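# What follows is a protein structure lacking sequence information:
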């Protein structure tokens, strides 16, 4: 299938990845939009993994306040250099994540932040729910219920409020790929009147 400029534009709008990378992914996928999306996600993860051990010494504070003035969020988005920290797209990424935090109120940034106490409390609730299931399936069902429960509370695993096709973690990995350096959500704060 021939890759058209409209297909490239649609994929770019969906993923936020550069035009050339979208074109290459579509060519590699033979024009299949879903395959191209998977290819881009894989490349995004590979790029992020390569750069994840680099030191973060710069960054920006993203800010969002709802028009009612009753909810606001701050996000400290770290990167390696001032050059990237001052980039308009990087600042927009930080502000978009802040808007998401204001809307979704996550408790944790990453899965590794979930403390043992919260995990045990959730396990005890879900163990009761799976008691009547076959024993050989109980662990898998419990694991699935825990993953689903914490997915709603972990910022990096939440679908982005402006585009549910991409998670916040995938947005950050996309930034790593786009800017060519390690990017990390360092800290988030959400404030609410009520």
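Structure's in. What do you need? Note that this is a predicted model, so its numbers are computed, not measured.
# For stretch 119-138, buried residues please.
The neighbour-count check on stretch 119-138 (16 or more other CB atoms under 10 Å) flags 122, 126, 130, 138 as buried. In short, each C-beta sits where N, CA and C put it, glycine included.
# and which of those residues is nearest residue 193?
residue 122 (28.9 Å; CB to CB).
# Let me know whether the closest one touches residue 147 as I believe.
No. Using CB atoms under 8 Å, residue 122 is not in contact with residue 147; the gap is 10.5 Å.
# still on that earlier bit, could you pick out which of the buried residues of stretch 119-138 are located in helices?
Judged by DSSP state H, helices contain the following of the buried residues of stretch 119-138: 122, 126, 130, 138.
# Now do the same for the most far-flung residue of the chain relative to its centre: helix, strand or coil?
Centroid-distance maximum for the chain: residue 132 at 35.1 Å, with CA atoms, centre = their mean. Classification of residue 132 by DSSP: H, G, I helix; E, B strand; the rest coil places it in coil.
# Show the pLDDT at it.
The per-residue pLDDT reported for residue 132 equals 82.
# what ranges do the helices span in the chain?
Under DSSP H, the chain gives helices at 5-15, 19-28, 33-51, 82-85, 88-104, 116-130, 135-151, 168-179.
# By neighbour count, which bits of the fifth one are buried? Give me those.
If I follow you right, that is helix 88-104. So for helix 88-104, counting by 16+ other CB under 10 Å, buried means 90-91, 93-104.
# residues contacting residue 160?
96, 100, 166, 167, 168, 171 (CB atoms under 8 Å, 6 or more residues apart in numbering).
# Also residue 91?
Taking CB under 8 Å, 6+ apart, one finds 60, 62 in contact with residue 91.
# Could you rerun that using 10 Å?
60, 61, 62, 63, 77, 84, 85 (CB atoms under 10 Å, 6 or more residues apart in numbering).
# Domain map for this protein?
Per automatic domain parsing, the structural domains of the chain span 5-51, 58-109+153-192, 115-151.
# Just name the most buried of those domains.
domain 58-109+153-192 (a mean of 18; mean count of other CB atoms under 10 Å).
# coming back round to it: going by distance to residue 39, which of the contacts of residue 91 wins?
residue 84 (24.7 Å).
# pretty sure the closest one contacts residue 58?
Yes. If you go by CB atoms under 10 Å, residue 84 and residue 58 touch, sitting 7.0 Å apart.
# related to what we said a few turns ago, okay if I get the ones in helices among the buried residues of stretch 119-138 as CSV plus distance to residue 67?
Shown next, in CSV, are these (distance: CB to CB, whole Å):
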residue, distance to residue 67
122, 35
126, 38
130, 43
138, 47
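# Which residue is the nearest non-sequential neighbour of residue 69?
Leaving aside its sequence neighbours, residue 69 sits nearest to residue 193 (CB to CB, 6 or more residues apart in numbering; 7.8 Å).
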